[in-house]
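Chemist: Dropping a prediction and its sequence here:
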Amino acid sequence: MTSTPPFTPATVPTPPAAALPTDSADYLRSRLETTWAGARDGLWDWDVANDALRLSPRWKSLLGYASDEVQDRPEEWFRRVHPRDLDELKRAIDAHLNGRSDELETEFRMLHKDGSWRWILCRGQRHAKQALLAGSVTDVTSLKAAENQVLLEAFHDPLTGLPNKRLFQDRLSLALARRRQRAAQPLAVLYLDLDRFHTVNDSLGVDAGDDLLVEIKGRLTELLRLGDTLGRLGGDKFAVLLDGVGGPREAMHFADDLVAALKRPLVIAGLEVFASASIGIALSKDGKERPEDLLKDAITAMHRAKEDGATPFELFDPQMNSNAKERLQLEADLHHAIERGEFLLHYQPVIALASGDLAGFEALVRWQHPTRGMIRPDHFIPIAEETGLIAPLGSWVLEESCRQMREWKDRFQAARDISIAVNLSARQFENPALVDEIVQCLETAGLEPDSLDLEMTESVVMARTRENAATLQALRDLGIKLLIDDFGTGYSSLASLQSFPLDSLKIDRSFVMGMEFEDGKAEIVRTVLALAKALELEVVAEGIETAESLAILRDLECEHGQGYYFSAPVDGDAAAAWIENPPSF
Ligand code: C2E
Ligand code: MG
Ligand code: MG
């Protein structure tokens, strides 16, 4: 085997036959020419005094031209510069020539032969004594695109492409500045928080959640006018900047349109879902507000809309800030309420509609606040859920309900077959010991499992499907009855309703109250009853307030009902009196 020597004579460059002496002017010129022709960047030099410009072949080929297609003249350069960038280029050259900058370095767009604009980075240096400039040009289009992409990502939400919080706030501060300077029309910020968005994520998956957000962006965008901004400020939170509104009325009108746009059903992952949002509105008065404050006011108003539930939107009012403080106080009080024994239960009779007999009670918690009096659960259950206090509170409600039912059963023959329904919040289902706790509770009270009903909302059934399904199955196996509360107000998948071990649907009172005269309500109730029948579930109608609605429900063969027509929730003594002397219906 022969080894190849590292160099063969053929690989050594052969010097030109007649080499120039290295110190000759011709030698230097030829080296310069080589650089001129071979540099990766385009080169140029410009004798400004004599208006003589030279452009290297590479300079021309950067723009797609052969050497002879572009003449060496300043106009050939400047007429190809983007009109928006030309002034800045001339200013930079002038500043450098006149000694106001140490070097020339500027970026501008130039027209390529193919009609596209290329970003060019131009660097240059003037001669120390003469009006002579020389330098290079580099195509930085792809760098610029990457830079733009980074900027785009820094200011936009990647899922929807909408402005993010930073850009939204920036637009807001610009709009406020315009308002200050020109006393333009007031501007309004609308902050939207989707209701129960997490149930879509939990039950249909994150991709479906993403699809929903993109659909919603489309709905909202349709309503914008020129100059308005829609942003996604996080998760399920959007904001609209209305740049110029006549006043609060116009802003509320717009909120109405938003609500209507969201109401139309959406098809996500093959299922029809209904979106809704809580909206807070804040208006600038004179443009002197800080953007973050205006946004904060809109958020406060949104929280108010969410809590109230009466209208889907609220206009900010400074009073709301003191309400927020009040809520903090309530939260602090709630921490002590259990140990101080400030909770009590009221009981609302549930009637078997066909016979008019008492079927049981629903236990509804109340808070006897030392200074504020009786507080309804809607005002403190959400706080208890957020703070985790729902766990000890929920345990107390369960224990007390079971104890009370046992006592009634012991005292009254008529209570033998009735049951007690207890509301469970979604947070309670996160407790892995929930089933054990309920078993313990029944044992301590000495109550049979079939005397206990548990009510939960649709979101519990639809969320954390696997874990919750196991919990529900275990409860059902014990012989406890399971009810879906407030049915019709959440997102339900029919498949899940069928696959979970449920016993009853409780039609939300909003569909029952006024069903005898309001269009469509009776139809909804009828449909829920038909659906329940198909799924072999019983139905409880809440919110029966009149003999007329009771008559319709009886006609429709709804099994159970409760409502003010029979009785409002009452305390333990009044409930005992009911069991002893049941009124007839
Ligand atoms: P819910 O479980 O749907 O309870 C029914 C609510 O409707 C009760 O309000 C009841 O007073 C009210 N109601 C009953 N009949 C009528 C009627 O004919 N007309 C009208 N307009 N309203 C009627 P309440 O007691 O204020 O409870 C509100 C909600 O608070 C309950 O709604 C339930 O979701 C929650 N809640 C109550 N107690 C507990 C509890 O111990 N634990 C948990 N997690 N939630 C509870
Ligand atoms: Mg309930
Ligand atoms: Mg309900």
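Modeler: The structure has been received and is ready for your questions. What you see is a predicted model; the values in this text were computed from it and never measured. Ligands and ions are numbered 1, 2, ... in the order given.
Chemist: Scan the protein for its longest strand.
Modeler: Scanning the chain for the strand with the most residues, using DSSP state E, yields strand 357-369.
Chemist: With just CA atoms, put it into CSV.
Modeler: Extracted in CSV, the C-alpha atoms of strand 357-369 (Å, rounded to 0.1, in the frame of the first residue of the first chain):
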residue,chain,number,x,y,z
ASP,A,357,-96.2,14.4,48.8
LEU,A,358,-93.0,15.5,50.4
ALA,A,359,-90.0,13.6,48.8
GLY,A,360,-87.2,15.3,50.7
PHE,A,361,-85.4,18.5,51.4
GLU,A,362,-82.5,20.3,49.8
ALA,A,363,-80.0,21.6,52.4
LEU,A,364,-78.9,25.2,51.6
VAL,A,365,-76.2,26.8,53.6
ARG,A,366,-76.5,30.3,55.2
TRP,A,367,-74.0,32.5,56.9
GLN,A,368,-75.2,34.3,60.0
HIS,A,369,-72.6,37.1,59.9
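Chemist: what is the rounded mean pLDDT of it?
Modeler: Averaged across strand 357-369, pLDDT comes to 97.
Chemist: just stretch 65-82 next, same as before
Modeler: Per-residue scores along stretch 65-82 average to 94.
Chemist: Give the buried residues for that stretch.
Modeler: 65, 70, 72, 76-77, 80-82 (16 or more other C-beta atoms under 10 Å). Every residue, glycine included, has its C-beta placed from N, CA and C.
Chemist: of these, list those near ligand 1.
Modeler: For ligand 1, no contacts are drawn from the buried residues of stretch 65-82 by C-beta under 6 Å from any ligand atom.
Chemist: Just the ones of the residues you listed in helices?
Modeler: Using DSSP state H, the members of the buried residues of stretch 65-82 that fall in helices are 76-77.
Chemist: Show me the two of the buried residues of stretch 65-82 that sit farthest apart.
Modeler: The span of these, defined through C-beta to C-beta, is set by D72 and H82 at 21.5 Å.
Chemist: looking at it, S136 is touching C122, isn't it?
Modeler: Yes: S136 is in contact with C122 according to C-beta atoms under 8 Å; the separation is 7.4 Å.
Chemist: Closest to ligand 2 out of the buried residues of stretch 65-82?
Modeler: H82 (66.9 Å; C-beta to the ion).
Chemist: For the closest one, grab phi and psi.
Modeler: Phi and psi for H82, reported as degrees, to the nearest 10, are phi -60, psi 130.
Chemist: List the contacts of the closest residue to K113 other than its chain neighbours.
Modeler: Spatial nearest neighbour of K113, chain neighbours left out: G64 (3.2 Å); criterion: C-beta to C-beta, 6 or more residues apart in numbering. Neighbour list for G64: 112-114 [criterion: C-beta atoms under 8 Å, 6 or more residues apart in numbering].
Chemist: Just the buried residues of the residues you listed.
Modeler: Buried among the contacts of G64 (16+ other C-beta under 10 Å): H112.
Chemist: Dihedrals phi and psi, W46?
Modeler: Torsion angles, degrees, to the nearest 10, at W46: phi -140, psi 120.
Chemist: For G388, give me its contacts.
Modeler: Applying C-beta under 8 Å, 6+ apart, the residues near G388 are R427.
Chemist: Check what pLDDT it gets.
Modeler: At G388, the pLDDT value in this model is 88.
Chemist: and the gap between it and E467?
Modeler: 18 Å (C-beta to C-beta, to the nearest Å).
Chemist: what do you get for F429?
Modeler: In terms of C-beta to C-beta, F429 sits 8 Å off from E467.
Chemist: for P21, same thing?
Modeler: 89 Å.
Chemist: ditto for G209
Modeler: The gap separating G209 from E467 is 19 Å, by C-beta to C-beta.
Chemist: H335: how many residues sit nearby?
Modeler: Residues within reach of H335, counting by other C-beta atoms under 10 Å, total 10.
Chemist: residue contacts, it?
Modeler: So H335 contacts 387, 389 (C-beta under 8 Å, 6+ apart).
Chemist: which SS class is it?
Modeler: Under the three-state scheme (DSSP: H, G, I helix; E, B strand; the rest coil), H335 adopts helix.
Chemist: What confidence value was assigned to it?
Modeler: 91.
Chemist: closest to ligand 1 among the buried residues of stretch 65-82?
Modeler: Minimum distance to ligand 1 across the buried residues of stretch 65-82 is 63.2 Å, recorded for H82 (C-beta to the nearest ligand atom).
Chemist: So which bits of the stretch 351-500 of the chain are right by ligand 2?
Modeler: 423, 455, 485 (C-beta under 5 Å from the ion).
Chemist: right, and the first one touches I484 too?
Modeler: No: here N423 does not reach I484: they are 11.7 Å apart, not a contact under C-beta under 8 Å.
Chemist: what sits opposite F361 in the beta ladder?
Modeler: Following DSSP bridges, F361 is listed with bridge partners P349, I420.
Chemist: That one and I418 touch, don't they?
Modeler: Yes: between F361 and I418 there is a contact under C-beta under 8 Å: 7.2 Å.
Chemist: joint contacts of these two?
Modeler: Residues touching both F361 and I418 (C-beta under 8 Å, 6+ apart) are M405.
Chemist: List the buried residues of the longest strand of the chain.
Modeler: 358-367, 369.
Chemist: all strands for the stretch 351-500 of the chain, in order.
Modeler: Listed in chain order, the strands of the stretch 351-500 of the chain (DSSP state E, counting those that start in this stretch) span 357-369, 373-375, 419-423, 452-457, 481-487.
Chemist: In CSV, list those strands along with distance to ligand 3.
Modeler: Converted to CSV, the strands of the stretch 351-500 of the chain look like this (distance: least, C-beta to the ion, whole Å):
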stretch, distance to ligand 3
strand 357-369, 8
strand 373-375, 18
strand 419-423, 8
strand 452-457, 7
strand 481-487, 4
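Chemist: which one of those strands lies closest to A92?
Modeler: strand 452-457 (65.5 Å).
Chemist: What strands line up against the closest one, and which way round?
Modeler: Strand 452-457 has the following strand partners under DSSP bridges: strand 419-423 (parallel), strand 481-487 (parallel).
Chemist: For the last one, give the mean pLDDT please.
Modeler: Right, strand 481-487. For strand 481-487, mean pLDDT rounds to 94.
Chemist: can you tell if it touches ligand 1?
Modeler: Yes: counting by C-beta under 6 Å from any ligand atom, ligand 1 has neighbours in strand 481-487: 485-486.
Chemist: Show me how far stretch 192-208 is from its chain's centre.
Modeler: 9 Å (C-alpha atoms, centre = their mean, to the nearest Å).
Chemist: From the rest of the structure, what touches that stretch?
Modeler: 209, 212, 216, 220, 235-240, 258, 268-269, 271, 273, 275-279, 302, 306, 458-459, 462-465, 490-491, 493, 496.
Chemist: how does it look with 6 Å?
Modeler: 209, 212, 236-238, 268-269, 276-279, 302, 459, 462-463, 491 (C-beta atoms under 6 Å, 6 or more residues apart in numbering).
Chemist: And stretch 398-418, by the same measure?
Modeler: In contact with stretch 398-418 (C-beta under 6 Å, 6+ apart) are residues 345, 358, 360, 363, 420, 422, 441, 445-447, 451, 579.
Chemist: Please spell out which residues along that stretch are buried.
Modeler: 398, 400-406, 408-409, 414-415, 418.
Chemist: want to try JSON lines for the residues you listed, with pLDDT as columns?
Modeler: Shown next, in JSON lines, are these (pLDDT from 0 to 100):
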{"residue": "L398", "pLDDT": "97"}
{"residue": "E400", "pLDDT": "97"}
{"residue": "S401", "pLDDT": "98"}
{"residue": "C402", "pLDDT": "98"}
{"residue": "R403", "pLDDT": "97"}
{"residue": "Q404", "pLDDT": "98"}
{"residue": "M405", "pLDDT": "98"}
{"residue": "R406", "pLDDT": "97"}
{"residue": "W408", "pLDDT": "98"}
{"residue": "K409", "pLDDT": "97"}
{"residue": "A414", "pLDDT": "94"}
{"residue": "A415", "pLDDT": "96"}
{"residue": "I418", "pLDDT": "97"}
